[in-house]
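[1] Okay, here's the prediction I keep looking at, along with the sequence it came from:
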Amino acid sequence: MKLSKLYCNQENFKNVKFNLNGLNVIYADVRSGLNDKNNSHDLGKTKLAELIDFMLLAQVNQKKHFLFKLKNEKGDSIFKDYIFYLEIVTNRGSYVTVKRAVASNSKISFSVASISTNGFTPPEEFDFVDIGLDKAKNILSHYLDFDFFNNKSYDYRKALSYNLRTPPEDYSDVYQLAKFANGKHRNWKPFVFDLLGFDGDLILTKADNDEQIEEIKKFIESIKAEFGVKPEERDDLVGEMQSRQLDTEKMESEIDKFNFYEQDKDLIDRGIEEIEEKISDLNTLSYNLSYEIDKLEKSVRNNFAFDINKVSKVFQESGIYFSDQIKKDYTELVNFNNKLSVERNKLINKTLQVKNDEIEKVTSMLFDLNEEKSKLLSFIQDTDSFKKFKTYQKSLSKAESALNNIKEKISKVDLIIEKQNEIRKKEKEIEDTIVKLKQASNSTEINERYKEIRLNFRKYYKDIMNEDANLSWHINSKNNIDFPAPKVFDKITTGKTTAKDEGNTYKKLLCVAFDLAILSSYNDESYYRFVYHDDVLSQQDNGIKHRLLELVDTLNMSYDLQYILSVIKSDLPHDKFDSLEYFTDEEIVLTLHDNDSTGTLFGFEF
């Protein structure tokens, strides 16, 4: 499958007719300085890749995608009136035109023909009109007819981003693209494993089982917390159930015979004795409180008494002079003692209030308990069997409720045991899967697809960088598959790895070599025949640029590939910096410039 042309219903948009054989250059003529690339990123090189992705039926996030997030004064997208058309050539030679409007982007139309349309004029008729996005993907998958995606749980879009790499995120990792960066490994690792020629379902099966085991464990813990049960307590619960079952059956039998002897005896033994014990304790408490209250009341009545006149008379009768100073001292002493008596009585009265409140409560409790005792004795002496029957029937209901509660706990324990058996079954499935993964890991040399991809990758990287690099994968400590960054060697004879694979420019070229290795390795079947590498020459050595473009030319001819390259003027090889003679007119499919806004992809800045 290759790209034929991309066009729009708006005249300001720069329509693109792709070269079906060989190199396609998106050329940005930036004149603001050799090292000034501030404007180059606004011309539309990367947005062209986003548009191609959009036209190949991407599910867009309207808060982030440039076609939707930029609004006019009315709050509508500035691209509201845009309708785009992408014509693709399938591997069977048919031309499929995809129509997608911004305003109704979830409705897709298709036209299928044996030849390309004339210029940038849309087809007069469409075979499918306003098809929903999910169904449209199925239709396009049918027309693409890629062998690789037969009997897979995913479609052509899973691999598309490896054919539309944009900086910087998509060049940060050979395998894990930007769209997979924040997702689960299951979203991309099974696909990569399939792509390398192995069985991706093994990774998916293990991931499914791992997730299900975690969910089951959470469920088990919730059951334990809600019902307060543990599997190891099952036999204790069964014993309690059997005991309660026996008591309940006996109670039912006695009720059926209207024989209340055992129940009456139990009431006498437990009920009345307990009540009498409480009454005895409360009587003791009442006596003690009454004693304390009596003492406090007497204390309040014993007021301080002192008559100064009587004291003066005693002094006179004794012939002792009773001076005014002595009289004053006695008077002050009397006043002081009177004040003490007043404060003391306040405290005593507060204590009296507390004690009176307590004895009032005790008296009330004694009254209630004696009433309860009286009713209980009255019930025992009652000869009305039906009244007793109703009362004991309520007791039986409570006993049955308790029995059912025990049975419910046992059922929850059984459910936990059942779930634990499910875990063991899935753990066995995981063990079987791990065995198969290890078998694949221990015999990678017999996988012809993987061998071809790896050798092609190594060859292409060496052609570009004049260094050796190697693809590999391994099983980590959790028995999951890891795809480490390819190892780069200064010289294969030394066997020493370098840190170059950690640099951004080297990562970019590792991605390029990988994408080209995939395209060439799958050239023997129906698969993608194009790749779009945006800004790939940026910050590269002059020799690297030459070798990369030479390799691309060779692969395009050998495998009938369509290589789309975006480049700004300053990133061309230095010996061809001042002219476009490095590329032919046919190879340059789109020219952008920063002279004014008309040089951008849409003919205006935004």
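    That came in fine, so what should we check first? Numbering: from 1, shown residues only.
[2] Show me how the record splits the chain into domains.
    201-258+382-439, 260-357 (automatic domain parsing).
[3] Please identify the deepest-packed of the ones you listed.
    Most buried of those, by mean neighbour count (mean count of other C-beta atoms under 10 Å): domain 201-258+382-439, with a mean of 14. All C-beta atoms are positioned from the backbone trio N, CA, C, and that covers glycine.
[4] circling back to that earlier point, got a markdown table for the domains of the chain, with mean pLDDT and distance to residue 152 too?
    Shown next, in a markdown table, are the domains of the chain (pLDDT from 0 to 100; distance: least, C-beta to C-beta, whole Å):
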| stretch | mean pLDDT | distance to residue 152 |
| --- | --- | --- |
| domain 201-258+382-439 | 86 | 9 |
| domain 260-357 | 71 | 72 |
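[5] Reformat these as JSON lines; add distance to residue 527.
    Putting these into JSON lines (distance: least, C-beta to C-beta, whole Å) gives the following:
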{"stretch": "domain 201-258+382-439", "distance to residue 527": "20"}
{"stretch": "domain 260-357", "distance to residue 527": "85"}
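[6] Which SSE is immediately downstream of the host helix or strand of residue 211?
    Per DSSP states H and E, residue 211 falls inside helix 200-227. Next along the chain after helix 200-227, taking DSSP H and E as the criterion, comes helix 234-256.
[7] How about the contacts made by residue 202?
    Taking C-beta atoms under 8 Å, 6 or more residues apart in numbering, we find residue 202 in contact with 193, 433, 436, 437, 440.
[8] mind running it again at 6 Å?
    433, 436, 437 (C-beta atoms under 6 Å, 6 or more residues apart in numbering).
[9] Okay, and which of those residues map to helices?
    Residues of these located in helices (DSSP state H): 433, 436, 437.
[10] With distance to residue 213 added, can I get those residues in JSON lines?
    Below are the ones in helices among the contacts of residue 202 laid out as JSON lines (distance: C-beta to C-beta, whole Å):
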{"residue": "433", "distance to residue 213": "13"}
{"residue": "436", "distance to residue 213": "18"}
{"residue": "437", "distance to residue 213": "17"}
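[11] Need the contact partners of the helix or strand harbouring residue 509.
    Assigned by DSSP H and E, residue 509 belongs to helix 504-521. Applying C-beta under 6 Å, 6+ apart, the contact partners of helix 504-521 are 162, 171, 174, 452-453, 456-457, 460-461, 464, 486, 500, 531, 533, 536, 539, 555, 559, 561.
[12] at 7 Å what do you get?
    Contacts to helix 504-521, defined as C-beta atoms under 7 Å, 6 or more residues apart in numbering, come from residues 162-163, 165, 168, 171-172, 174, 195, 449, 452-453, 456-457, 460-461, 464-465, 469, 486, 488, 500-501, 528, 531, 533, 536, 539-540, 555, 559, 561.
[13] Filter these down to the ones in strands?
    Among the contacts of helix 504-521, DSSP state E puts 165, 469, 488, 531, 533 in strands.
[14] can you pick the most crowded of these?
    Within the ones in strands among the contacts of helix 504-521, residue 469 tops the neighbour count with 29 neighbours, counted by other C-beta atoms under 10 Å.
[15] who does it bridge with?
    Here residue 469 sits in beta bridges with residue 488, going by DSSP bridges.
[16] Residue 445: how many residues sit nearby?
    Neighbours around residue 445, by other C-beta under 10 Å: 8.
[17] cool, the one 5 residues further on as well?
    The number of residues packed near residue 450 is 20, by other C-beta under 10 Å.
[18] Okay, and the nearest residue to it once chain neighbours are set aside sits in which element?
    Closest residue to residue 450 apart from its sequence neighbours, by C-beta to C-beta, 6 or more residues apart in numbering: residue 197 at 4.3 Å. Counting by DSSP H and E, there is no helix or strand that carries residue 197.
[19] On the pLDDT front, check residue 197 for me.
    Per-residue pLDDT puts residue 197 at 96.
[20] Next up, the contacts around it.
    Going by C-beta under 7 Å, 6+ apart, the list of residues near residue 197 reads 447, 449, 450, 453.
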